[in-house]
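In: Any chance you could fold what I've pasted below:
(chains A, B and C)
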Amino acid sequence: MSALSIKNLTKNFGLAEVICGVDLEVEKGEIHAVIGPNGAGKSTFFNLLSGAFPPSGGEIRLNGESIDGLTPEKIQQRGLSRSFQVSNVFVNLSVFENLRCACFKTSGSGYVFWRAASKIKAANERAEEVLGLIGLEALRDVPAGALPYASQRALEIGMTIASNADVVILDEPTAGMSNTETAQAISLIRQVAEGRTLMIVEHDMGVVFELADRISVLVYGKIVATGTPEEIRNDPRVKEAYLGEEAA
Amino acid sequence: MNDLTAVAPRQNRFSWRALSPWVISAAVLLLLPVVFADNGTAFTLMNLIAINIVFALSYNMLLGQGGMLSFGHAVFYGLGSYGAMHAMNAIDEASYVGEGFWSHVPVVSMPLVGMIVGGLVALVIGWPFCRRAGTAFAMITLGLGEMVAAAGQMFPSIFGGEAGIYGNRTVGPQWFGLDMAHATGVYWFMAFWTFLAVLAIWAFTRTPLGRMSNAVRDNPDRLQFIGYPPRNIRFMVFIASGAFGGLAGGMAAVNYEIITPEALGLIPSGTVLLMTAVGGLGVFYGPIVGAVVVSLMNSMLSDYTDASILYVGLIFLAIVMFAPRGLGGGLEQVRVAAKDGSLVNRLPGWLSGALAVILISLGLILIIELLFQLLHGDDATTQFFGLEFKAVSIISWIWSLILFGAGVAVMRVTRKLREDNA
Amino acid sequence: MLEIVIFSTLNGILYGLLLFMLSSGLTLIFSMMGVLNFAHASFYMLGAYFAYTMGMEIGFWPALLLAPILVGGLGALVEKFGLRRVHENGHVAELLFTFGLAYVIDELVQLIWGTVAVAYREPDYMREPLFTLFGTDYSIFRGVVILIAVLMFIALWFLLKKTRVGMMIRAALTHGNMVGHLGHNVPRLFMGVFGFGCALAGLAGVIGGPLLATEPGMAVTLGPIVFVVVVVGGMGSLIGAFYASLLIGLLQTFFVAIDASIADILNAFGMNVDPYGEVTGITLASLAPMTPFILLVLILIFRPRGLMGELEP
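Out: Numbers count the residues shown, from 1 in each chain, chains lettered A, B, ... in the order given. You can find the predicted model right below:
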């Protein structure tokens, strides 16, 4: 069964139809990129998947279970985790604290008030692990709001994978990064993708074509094409959608 | 970054260094009665400060830690106090008769009663409140506070009407040989509970729930995506905060031996907000500093001027506008600078800034006092450091302008010092 | 019975209109700037005290004109030199600032005018009855208050619907940020709206002072009720504030007039309840001060967006 199965997903805001019937199957373990011109509805799409908004119609199945209409917490519990385009971290907590907070759910300790946070072994160990993975050990005590941009994006990804979700969706993870930073991000994303299903929204075509197993193109709220990078590169509908924008 | 809020301290593994503030505090608590041995006024003041410290810290669990501004915190304080008062009266009766559950309960445990009452109240009423933080929450707590304050005038058997309920703290079993008859005996009671409460509230900030309360303050939206509904976290913090507010109320019941419905209303709710903000929301000990400073000002300033409450309000405004980190935040800046060695560089800038503030304040105080002289047509004069200033004399006014102007000038001139070494 | 109903209705509407004068200014400021002006009732108080002091020199009608302008000017200064500075620190800081402002204003009023109520009264000729019903007089002054309130609404309506400034304000009522992006001089607009809102509060004070007593506690008494009106009406909705004001005004006035206790009501339904019990002996009249807050709690539980609000507060 696919990791994510989306059938006829629609979302209206008042009279505006932003998502107009999306069908998509994301295979387990693949890296699936979603691209499309600005305003196509990519962020809304991710918001629907992660539970930020309820869909107006259609269904979403995570590992076979229906998750449309569930709250973000419930979806996160079921194993789907997302990152944000604009870094959405806890600005006054240190990097390590941010990660540790993201680890509490797995050990079920978010509500604990009778033990010190530093004594919750599972959460602390996992946080250290992720800290190493995203390469921010040197910055572990820096308040997240004071981080340089690329480090914040790395923290963002770290918080998303901290809970060991098996389906991770990343919203423009390399937005605003320089070439070096992007390269580092790509390598991090590859590591993150091991053993997980990954969906990413990206504008940077270089990143997309390097990482993705398959690509879907979202135009005006509908998926116009899905396929391997090669297929997408040569698809006339895609070329038309981008109006002559040649991918690398 | 919101200047008003906290920077979480690094959680060290256990170190002797980390114990030092606690050891020092304990030592201070032990030494104070020696220093003020025969000074009854001092003990009264210290007991008041103790209550306010716990009250302000409990409030900061909501505001500084959890990001929830409440205008009704006195509800927990007041109801906790009422609960403790009724318990004390129950102890009184039971001891007189010589039997029953309450005859075994010592008065020194009244803060616990207050804590239970405060926590229960928060548990029962808190759920609908915790949906949103921010302005909505503030308004809800305002309405709640007013409602409870109004109810306080209504049920005489619980609230005692306008006169309130009074009690006697010398009754019941006396633990630790504390007869609670004199302010000195009460002091040990206060010191014990204050230390314990501060320790507990501090410990709370180190727990996962404490951390999550910071997270819900910083970014409630993200909280959902790491698996927790913000409302649940807020609710639990609300209960904890209410419990400790009630604890302070229990302390007050024992100290004052009387509780009136006024303790439920806007005035104490406003005062605790004042104390906490003046002390600084972003540092754990900020509210302690604020409680001490504001309590001292309220008690002592009224001997020197009619406008003491006005000054406290103006200080509050000045802090909100110019120094949102509060006094405690300022202290923390100095401490951090001392630790990482930049204190030497920054000291000139800070000292000159402090000097400027003093000058400006003196100028303002002088102007205000002179104005009040005019207003009340007294022949009274204002005394500054032994010098007399009369409103009729133009020199006094000139002096005030000079002081104010000098302060502003110093501030301007030394600004570069501060900016370069920030 | 009829007498009670008629007079309670008249007085309730009067009180409600006064509440609307206050809450309309608060709503405008909140919608425009996102800040809930905790000191709003303090400006109301200043209006009353200014009118009292000025009125002794220059008479009621000139004071009616000048006092709100003075209060509005003060409000504009507060915005420019105080609120604006705090704005960047977030909503909590703004609320704290307006709270501190209320505190300081309340203290200043006490220090300047004393802690006892001042005898701010309407002019003698206005105490004559406008009409007499069932032997009770309804003074001219009350009629004048209603007239002024109605005129104020018409002027407000005109301002909002028919002028350019009004258009900007209406836009800001629902899309505050956008107005700035469209290039209007937002700081000046903010200052103007804040000043105008305070002036409305001051005007309410000029006519409310003689009606409801002019004393240093008037801000603390009325302030929370105004907030309740705004929340119940739906934050940001002027029409909601209007309905909520009338609702609360009428409810509270009726409750005060009804001396029946809870026991009386229950007994009227056939139950047999002790009329002197502590809970059952509570009269609706003594519940009156609590009515706005009971309403607040009910609304927050059952309809958090208020009567006409669109967003949850």
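In: wait, what's in contact with residue B:203?
Out: Listed by CB atoms under 8 Å, 6 or more residues apart in numbering or on different chains, the contact set of residue B:203 reads residue A:116. C-beta here means a position set from N, CA and C on the backbone, and glycine is covered the same way.
In: what's the answer for the one 5 residues further on, then?
Out: With CB under 8 Å, 6+ apart as the criterion, the residues that contact residue B:208 are A:104, A:109-113, A:115, A:117, A:120, A:123.
In: Could you rerun that using 7 Å?
Out: Residue B:208 makes contacts with A:104, A:109-110, A:112, A:117, A:120, as judged by CB atoms under 7 Å, 6 or more residues apart in numbering or on different chains.
In: is it possible to export these to JSON lines including pLDDT?
Out: Conversion of the contacts of residue B:208 to JSON lines gives the following (pLDDT from 0 to 100):
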{"residue": "A:104", "pLDDT": "90"}
{"residue": "A:109", "pLDDT": "85"}
{"residue": "A:110", "pLDDT": "85"}
{"residue": "A:112", "pLDDT": "87"}
{"residue": "A:117", "pLDDT": "86"}
{"residue": "A:120", "pLDDT": "86"}
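In: of all these, which comes closest to chain C?
Out: Ranked by distance to chain C (CB to the nearest CB), the contacts of residue B:208 are led by residue A:110 at 24.1 Å.
In: burial count for the residue of the stretch 51-200 of chain C found nearest chain A?
Out: The minimum distance from the stretch 51-200 of chain C to chain A, using CB to the nearest CB, falls at residue C:90 (12.0 Å). For residue C:90, the count of nearby residues is 18 (other CB atoms under 10 Å in any protein chain shown).
In: before we move on, what about residue C:274?
Out: Counted with other CB under 10 Å, the neighbours of residue C:274 add up to 12.
In: List just the nearest of the contacts of residue B:208 to residue A:161.
Out: residue A:104 (14.6 Å; CB to CB).
In: What residue in chain C is the furthest from its centre?
Out: residue C:272 (40.6 Å; CA atoms, centre = their mean).
In: For the chain, just list every one of the strands.
Out: Chain wasn't specified; assuming chain A. When assigned using DSSP state E, the strands of chain A occupy the ranges A:4-13, A:16-26, A:31-35, A:57-62, A:65-66, A:80-82, A:167-171, A:197-201, A:214-219, A:222-227.
In: wrong one, chain C
Out: For chain C, applying DSSP E gives strands covering C:129-133, C:136-139.
In: Output the contacting helices and strands for the first one.
Out: Yep, that's strand C:129-133 we're talking about. strand C:136-139, helix C:140-162 (3 or more CB pairs under 7 Å, 6 or more residues apart in numbering or on different chains; DSSP states H and E).
In: tilt between that strand and helix C:140-162?
Out: Here strand C:129-133 runs at an angle of 110 degrees relative to helix C:140-162 (axes from the mean of the first three to the mean of the last three CA atoms, to 10 degrees).
In: Disregarding flanking residues, what is the spatial nearest neighbour of the residue in chain A that chain B sits nearest to?
Out: The minimum distance from chain A to chain B, using CB to the nearest CB, falls at residue A:105 (3.2 Å). The spatially closest residue to residue A:105, leaving aside those adjacent along the chain, is residue B:227, at 3.2 Å (CB to CB, 6 or more residues apart in numbering or on different chains).
In: ok, the residue farthest from the centre of chain C to chain A distance?
Out: In this structure, residue C:272 and chain A are 48 Å apart, going by CB to the nearest CB, to the nearest Å.
In: tell me the pLDDT at that residue?
Out: Per-residue confidence (pLDDT) for residue C:272: 73.
In: Would you mind listing what in chain B touches chain C?
Out: B:2-4, B:69, B:128, B:132, B:134-136, B:138-140, B:142-143, B:146-147, B:150-151, B:154-157, B:266, B:270, B:273, B:277, B:306-307, B:309-310, B:313-314, B:316-317, B:320-321, B:324, B:372, B:375 (CB under 7 Å from any CB of the partner chain).
In: about what we covered before: as CSV, the strands of chain A with distance to chain B would be great.
Out: Converted to CSV, the strands of chain A look like this (distance: least, CB to the nearest CB, whole Å):
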stretch, distance to chain B
strand A:4-13, 17
strand A:16-26, 19
strand A:31-35, 19
strand A:57-62, 15
strand A:65-66, 17
strand A:80-82, 6
strand A:167-171, 11
strand A:197-201, 15
strand A:214-219, 22
strand A:222-227, 24
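In: now the ones you listed as TSV including mean neighbour count and mean pLDDT?
Out: Putting the strands of chain A into TSV (neighbours: other CB atoms under 10 Å in any protein chain shown; pLDDT from 0 to 100) gives the following:
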stretch	mean neighbour count	mean pLDDT
strand A:4-13	18	89
strand A:16-26	18	88
strand A:31-35	25	91
strand A:57-62	18	90
strand A:65-66	11	89
strand A:80-82	26	91
strand A:167-171	24	91
strand A:197-201	24	91
strand A:214-219	22	89
strand A:222-227	17	87
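In: out of these, nearest to residue B:222?
Out: For the strands of chain A, distance to residue B:222 was read as CB to CB. The smallest value, 10.2 Å, belongs to strand A:80-82.
In: what separates that closest one from the chain centre, distance-wise?
Out: Averaged C-alpha coordinates place strand A:80-82 at 6 Å from its chain's average position (CA atoms, centre = their mean, to the nearest Å).
In: what's around residue 160, how many residues?
Out: Assuming you mean chain A. The burial count assigned to residue A:160 is 25, neighbours taken as other CB under 10 Å.
In: um, chain C though
Out: Residue C:160 is surrounded by 17 other residues when neighbours are defined as other CB under 10 Å.
In: how close does it sit to residue B:229?
Out: Residue C:160 is 39 Å from residue B:229, where distance means CB to CB, to the nearest Å.
In: Then residue C:188?
Out: When distances are taken as CB to CB, residue C:188 and residue B:229 turn out to be 42 Å apart.
In: more neighbours, those two?
Out: It is residue B:229, of residue C:188 and residue B:229, that has more neighbours when counted by other CB under 10 Å, with 17 against 11.
In: My read is that residue A:149 contacts residue A:178, right?
Out: No: with contact defined as CB atoms under 7 Å, residue A:149 and residue A:178 do not form a contacting pair (9.4 Å).
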